[in-house]
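>>> 3D, please:
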Amino acid sequence: MGFGVSGWRLANAVSRLGQLGVVSGTALDVMLTRKLQDGDPAGDVRRALEHFPFPQVAKRIQDTYFVEGGLEVGASYKHVPMHTIEGSQEAAELCVVGNFVEVFLAKEGHAHPVGVNYLEKIQLPHLPSLYGAMLAGVSVVLMGAGIPLTVPGILDGLARHHEVEYPIVVTGADGEIEIVNVAFNPLSLMDGRCDQGILIRPDFYPIVGTESLASILLKRANGSIEGFIVESNMAGGHNAPPRGKGELSDSGEPIYGPRDNAKLAKFRDFGLPFWLAGSRGSPEGLQHALELGASGVQVGTAFGLCKESGLYPETRREIIQGVLSGHIRVFTDPHASPTGFPFKVADLPGSLSEQAVYEARRRICDIGFLRTPYRKADGGIGYRCSAEPVAAYVAKGGKEEDTVGSKCLCNALAADIGYPQRVKDGSLEKALVTMGDDLENVGRFCINGRADFSAADVISTILAKG
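Model (predicted):
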């Protein structure tokens with residue numbers, strides 16, 4: 001639940017109730033700056049900044065982005081530096097601090113563990129993001145949408161404040177793939193001198209769709225893996241592409257078959273705990289998972305619609321009402337995400353799920369998390385995204401057909417949680433809400449017919465005995 005839907009309030013509420021609350025680690029630098037520019041009305045961000053172990057960094061960020069009382073009506077948010085292989089000190093600091101703030105607030109007021117979730121495909125911010133979460137004492141790191149072979153070793157290194165590297169995929173001028181390492185040195189935050197003790201090394205749970213991917217990780221990862229999240233194609237957000245020819249149904253959705261179902265007997269053989277994800281948010285789903293040998297389930301859609309969710313309240317209630325009235329469903333869009341992975345979209349009126357709204361939006365790429373590096377003809381490295389202006393993407397060597405239906409998830413997901421950018425014509429960026437296939441069953445949490453529910457309602461419902 002990227003871009004703050006699974007934010008610190010939700011993770012805090014879930015962890016307080018004895019489950020593992022997980023914050024989304026995506027775009028926390030952008031969220032940090034937008035909260036500060038909105039005036040941080042409750043003072044939560046500034047309270048967390050007071051606990052950041054490198055005060056000069058926290059002060060620099062607060063002085064740059066905090067706006068007392070919030071931005072003037074009609075103003076746009078300041079842009080933050082986009083992440084590049086070359087990197088910048090400001091971009092790294094914002095990532096470290098943004099992740100620290102989110103995890104710190106999720107852990108505040110209780111002693112239960114908190115996790116953080118990342119997408120492997122968003123590679124460039126990984127190192128400072130992980131370090132910021134670890135500075136705040138994160139207990140578990142989850143990562144999907146890729147093969148994170150080097151993350152276990154990176155966690156080992158960051159726990160000791162060592163310089164670490166992450167392999168970045170770069171598309172060569174000839175279409176071949178090359179690997180370029182990006183580095184991060186924690187000492188850059190400490191004026192070159194480390195006076196911090198060894199950090200807790202969090203457990204690492206890759207999110208996988210098949211036993212073969214889990215086996216690769218166990219054999220080739222450069223450090224320990226403590227468990228797996230086994231996610232089916234019914235889960236929200238990005239889904240793994242189906243194996244085979246990639247055929248589409250009559251409605252235009254990817255067709256999944258038996259080959260796409262994980263063989264859970266193999267996971268039992270691995271001897272590590274695993275949790276099942278994807279339409280498991282029910283008493284029956286949990287019981288079935290336990291019978292299959294899982295340690296439990298991961299739930300996204302139900303928590304994404306509870307009161308503690310970061311989803312904009314009006315949007316959240318509109319989705320619930322739409323589901324209860326039978327007017328909103330989920331579509332697995334094979335083209336929406338610039339990553340090339342199928343992406344589940346709730347057909348919310350007025351959002352980018354509507355073709356007319358999508359076509360009316362002027363293409364722009366001003367956040368850039370889903371840009372991919374490529375090797376330019378002059379040997380330098382450039383960045384492109386299939387959701388950017390078509391002419392710009394093609395000029396960078398991209399294929400025009402890849403731009404068809406591609407949507408700017410960065411701006412849309414920020415709009416989902418109430419931080420839409422105001423564009424040049426004065427309008428606001430539109431939302432694009434992702435939910436899992438289990439959305440149709442959200443009524444099970446609407447106790448006594450109420451179209452609103454809490455994290456506690458979700459947990460008590462799932463844990464209810466039949």
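>>> And residue 157, which helix or strand is it part of?
Element membership of residue 157, judged by DSSP states H and E, is helix 151-159.
>>> so what does that helix touch, helix or strand wise?
Packing partners of helix 151-159 (3 or more C-beta pairs under 8 Å, 6 or more residues apart in numbering; DSSP states H and E): helix 126-135, strand 140-144, strand 164-171, strand 203-208. Every C-beta, even on glycine, is put in place using the N, C-alpha and C of the backbone.
>>> what's the burial count for residue 125?
28 (other C-beta atoms under 10 Å).
>>> ugh, typo on my part, it should be residue 66
18.
>>> re earlier: now the helix holding residue 157 and strand 140-144, what's the angle there?
On the basis of axes from the mean of the first three to the mean of the last three C-alpha atoms, to 10 degrees, helix 151-159 is oriented at 140 degrees to strand 140-144.
>>> what angle sits between helix 151-159 and strand 164-171?
Orientation check (the same axes, to 10 degrees): helix 151-159 against strand 164-171 gives 140 degrees.
>>> Residue ranges in the stretch 351-466 of the chain under the pLDDT threshold?
465-466 (pLDDT under 70).
>>> For it, just list every one of the strands.
372-375, 381-384 (DSSP state E, counting those that start in this stretch).
>>> can you redo those strands as a markdown table with mean neighbour count and distance to residue 120?
As requested, the strands of the stretch 351-466 of the chain are exported to a markdown table (neighbours: other C-beta atoms under 10 Å; distance: least, C-beta to C-beta, whole Å):
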| stretch | mean neighbour count | distance to residue 120 |
| --- | --- | --- |
| strand 372-375 | 20 | 13 |
| strand 381-384 | 18 | 18 |
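>>> Out of those, which is closest to residue 242?
Taking C-beta to C-beta, strand 372-375 is the member of those nearest to residue 242, at 21.8 Å.
>>> So which elements touch the closest one?
For strand 372-375, the contact count by 3+ C-beta pairs under 8 Å, 6+ apart identifies strand 164-171, strand 381-384 as packing neighbours.
>>> Strand partners (parallel or antiparallel) of the shortest one?
Within its sheet, strand 381-384 is paired with strand 372-375 (antiparallel), according to DSSP bridges.
>>> next helix or strand past the strand or helix carrying residue 46?
If you go by DSSP H and E, residue 46 is part of helix 44-49. Going down the chain from helix 44-49, the next helix or strand is helix 55-65, by DSSP H and E.
>>> Would you mind putting the CA coordinates of the very next helix or strand once past that next one into PDB?
Next in sequence after helix 55-65, counting helices and strands by DSSP H and E, comes helix 89-107. C-alpha atoms of helix 89-107 as PDB (Å, rounded to 0.1, in the frame of the first residue of the first chain):
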ATOM      1  CA  GLN A  89      23.300  14.600  -0.400                       C
ATOM      2  CA  GLU A  90      19.900  16.200  -0.200                       C
ATOM      3  CA  ALA A  91      18.100  13.300  -1.800                       C
ATOM      4  CA  ALA A  92      19.800  10.800   0.500                       C
ATOM      5  CA  GLU A  93      19.100  12.900   3.600                       C
ATOM      6  CA  LEU A  94      15.400  13.200   2.700                       C
ATOM      7  CA  CYS A  95      15.200   9.500   2.300                       C
ATOM      8  CA  VAL A  96      16.900   8.700   5.500                       C
ATOM      9  CA  VAL A  97      14.800  11.200   7.500                       C
ATOM     10  CA  GLY A  98      11.500  10.300   5.800                       C
ATOM     11  CA  ASN A  99      11.900   6.600   6.600                       C
ATOM     12  CA  PHE A 100      13.000   7.400  10.200                       C
ATOM     13  CA  VAL A 101      10.000   9.600  10.800                       C
ATOM     14  CA  GLU A 102       7.500   7.100   9.600                       C
ATOM     15  CA  VAL A 103       8.900   4.200  11.500                       C
ATOM     16  CA  PHE A 104       9.500   6.300  14.600                       C
ATOM     17  CA  LEU A 105       5.900   7.300  14.700                       C
ATOM     18  CA  ALA A 106       4.700   3.800  14.000                       C
ATOM     19  CA  LYS A 107       6.600   2.600  17.000                       C
END
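>>> any idea of the mean pLDDT in helix 89-107?
Averaging pLDDT along helix 89-107 yields 97.
>>> Who are the packing partners of the very next helix or strand once past it?
Using DSSP H and E, the next helix or strand after helix 89-107 towards the C-terminus is strand 114-119. Other helices and strands packing on strand 114-119, by 3+ C-beta pairs under 8 Å, 6+ apart, are helix 8-16, strand 21-24, helix 89-107, helix 126-135, strand 140-144.
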